[in-house]
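Colleague: Structure for this input, please:
(one chain, ligands or ions: 2)
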Amino acid sequence: MITTVIKTTDPNQAATQGAAIIRAGGLVAFPTETVYGLGADGLDGAAVNRIFEAKGRPNDNPLILHVARKEDAFRLWAAEPPHARALMDTFWPGPLTLIYHRSAMVPDEVTAGLDTVAVRMPDNDAARALIAASGVPIAAPSANLSGKPSPTTAEHVLQDMDGRIPLILDGGPCRYGVESTVLSLVGTPTILRPGAVTKEMLAAVLGEVALAPSILAPLGAGEKAASPGMKYKHYAPNAQVLVVVGEAPEAATRLSALYDEFIAAGKRVSIAATAEALPYYGQRRTALLGTRRDPGTLCSRLFSLLRELDGSSDVILCEGIGTEGTGLAFMNRLLRSAGFRVEYL
Ligand code: AMP
Ligand code: MG
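Modeller: Numbering: from 1, shown residues only. Ligands and ions are numbered 1, 2, ... in the order given. Alright, predicted model coming up:
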C-alpha cells in the first residue's frame with residue numbers, strides 16, 4: 001500500500017516534486033480550474049495504464065492530454081484542427097477541450113484506440129507548473145474513483161485515492177467545479193460534454209455548433225456514444241439522487257411531497273435546494289446549492305454537495321433548472337448523477 005501525501009507548498013516547489021514522480025511513470029493528483037485531475041506522463045502508455053487501474057476506469061474511455069503552452073497542442077494532432085487557433089486565442093488557458101485526429105506521438109492507451117485525441121490547456125498556475133516541469137503533456141481524467149462525483153478539493157481526492165497514489169497537490173477548491181467543455185472539431189463542431197465554456201460562447205466564435213444528443217438523455221439501446229465516457233454511470237454518490245425540474249415554488253412543493261413519502265418509508269433524506277426555493281421547504285432537511293440566477297454557482301457546488309450529503313442520506317432530492325448557458329453543464333452532471341431519474345413539471 002502506498003502512503004498518500006498532500007502538499008500545499010507553493011506551486012513551483014510542489015511542481016518539482018510532482019514532476020519527478022510523473023517522469024518516473026507515477027501518478028500525481030493536481031488542481032485545475034475545473035476539477036482535480038489524476039495525471040501521468042501522456043506519452044508513456046504504461047504510465048497511462050496506471051491511471052485506469054487507480055480509478056477503476058474502463059479502458060475504452062479515453063483521456064484528455066493537458067499542455068502548459070498553446071504551441072504544445074499542435075504536435076499532438078495530425079494537422080491543425082479547423083477553428084483551433086481562434087478557439088485557443090479566445091478560451092485558452094481555460095475549461096475547453098478540443099478533439100481532433102491524433103498524431104503518431106499519442107499512445108493508444110490515451111485515446112482508447114480512437115484515431116482522435118482530446119487536448120486542453122488548464123487555467124491554473126499549479127497545473128501548468130507541473131506540466132512544464134514534467135516536460136511532457138499530462139494525461140489526466142478527474143481524480144475520483146470511476147463512477148463517483150468528481151473531486152473539487154484535495155480532501156475529496158484523498159477520500160477516493162488514499163493508498164492508491166503517492167502525491168496530491170492541494171490548490172484549494174476548484175473555481176468551476178465541473179469538468180471542461182469537450183468540443184470535437186472533426187466535421188461539424190460538436191459539443192460532446194458541456195462545461196463552463198458554453199454553447200452560446202462557442203457559437204459567438206464558430207457560428208454553428210452542434211450538441212451531442214446524449215448530453216441530456218441516456219443513450220438508447222444499441223446507440224453509439226460520440227464520447228465513450230457518456231455510456232457509463234457517472235458522478236453518482238451511494239445515495240439515490242432524484243431530480244425535479246420546474247420553477248422554484250412548484251419544484252419545492254413536489255420535492256417536499258417526495259421528501260415526506262421517503263421519510264414515512266424510513267429513509268434518510270436531504271434536499272439540495274436553490275436559494276429561490278429554500279423558503280418553501282419548512283423544517284425539512286435542506287442544503288443550499290446556490291442561486292438559479294447564477295447556474296455557475298450551482299455547478300461549482302454540485303459535486304461537493306453530493307459528497308457532503310452522501311454519508312447521511314439514502315436519498316438526495318435535487319432541483320433541476322433550465323439549460324441555458326452553464327445551466328446545460330449543471331443539468332448534464334445532475335441527470336447523470338441521478339441515473340436520469342427525473343420529473344419535469
Ligand atoms: P474525464 O477524463 O473524466 O474528464 O473525461 C474525459 C471525457 O472526454 C470523457 O467523457 C471521454 O469519453 C471524453 N474524451 C476524451 N477523448 C476523447 C476522444 N478522442 N473522443 C471522444 N471523447 C473523448
Ligand atoms: Mg471523470
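
Colleague: From here on, just use CA atoms for contacts and neighbour counts.
Modeller: Will do.

Colleague: residue contacts, the closest residue to ligand 1 within the stretch 101-250 of the chain?
Modeller: Going by Cα to the nearest ligand atom, ligand 1 is nearest to residue 141 of the stretch 101-250 of the chain, at 3.0 Å. By Cα atoms under 8 Å, 6 or more residues apart in numbering, the residues touching residue 141 are 37-39, 63-64.

Colleague: 7 Å instead?
Modeller: 37-38, 63-64 (Cα atoms under 7 Å, 6 or more residues apart in numbering).

Colleague: Do you know the pLDDT at it?
Modeller: pLDDT for residue 141: 97.

Colleague: just residue 219 next, same as before
Modeller: At residue 219, pLDDT is 70.

Colleague: And for residue 226?
Modeller: As predicted, residue 226 sits at a pLDDT of 64.

Colleague: ok, back up a step: most neighbours among the contacts of residue 141, which one is it?
Modeller: The residue in those with the most neighbours, by other Cα atoms under 10 Å, is residue 37 (28 neighbours).

Colleague: Phi and psi next, for it.
Modeller: phi -100, psi 160 (degrees, to the nearest 10).

Colleague: separation between the residue lying closest to residue 256 once chain neighbours are set aside and residue 293?
Modeller: Once flanking residues are discounted, residue 256 sits nearest to residue 281: 6.3 Å by Cα to Cα, 6 or more residues apart in numbering. To residue 293, residue 281 is 19 Å away according to Cα to Cα, to the nearest Å.

Colleague: what does residue 261 give?
Modeller: Relative to residue 293, and taking Cα to Cα, residue 261 is found at 30 Å.

Colleague: Same question for residue 195.
Modeller: From residue 195 across to residue 293, the span is 17 Å (Cα to Cα).

Colleague: more neighbours, the two?
Modeller: Each of residue 195 and residue 293 has its neighbours counted (other Cα under 10 Å); residue 195 has more, 29 against 12.

Colleague: In the stretch 1-150 of the chain, mark out all the strands, start to finish.
Modeller: Ranges of strands in the stretch 1-150 of the chain, per DSSP state E, counting those that start in this stretch, are 5-7, 28-30, 37-41, 64-66, 96-101, 116-120, 138-140.

Colleague: of all those strands, which lies closest to residue 205?
Modeller: strand 96-101 (13.1 Å; Cα to Cα).

Colleague: Send me the closest one as CSV with only the CA atoms.
Modeller: What follows is the C-alpha trace of strand 96-101 in CSV, where atoms were taken according to Å, rounded to 0.1, in the frame of the first residue of the first chain:
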residue,chain,number,x,y,z
LEU,A,96,-12.3,24.0,-23.2
THR,A,97,-11.0,20.6,-24.5
LEU,A,98,-10.5,20.3,-28.3
ILE,A,99,-10.7,16.9,-30.1
TYR,A,100,-9.1,16.2,-33.5
HIS,A,101,-7.2,13.5,-35.3
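
Colleague: which helices and strands does that strand pack with?
Modeller: strand 116-120, strand 181-184 (3 or more Cα pairs under 7 Å, 6 or more residues apart in numbering; DSSP states H and E).

Colleague: so where's this protein uncertain?
Modeller: The chain contains residues with pLDDT under 70 at 9, 220-233.

Colleague: make it 90
Modeller: For the chain, residues meeting the criterion pLDDT under 90 lie at 1-15, 58-60, 213-214, 216-236.

Colleague: Residue 121: which of the contacts of residue 141 is nearest?
Modeller: Checking the contacts of residue 141 one by one against residue 121 (Cα to Cα), the nearest turns out to be residue 64, at 10.1 Å.

Colleague: Could you check how far that closest one is from ligand 1?
Modeller: Distance, residue 64 to ligand 1, by Cα to the nearest ligand atom, to the nearest Å: 5 Å.

Colleague: list the contacts for that residue?
Modeller: By Cα under 7 Å, 6+ apart, the residues touching residue 64 are 118-119, 139-141.
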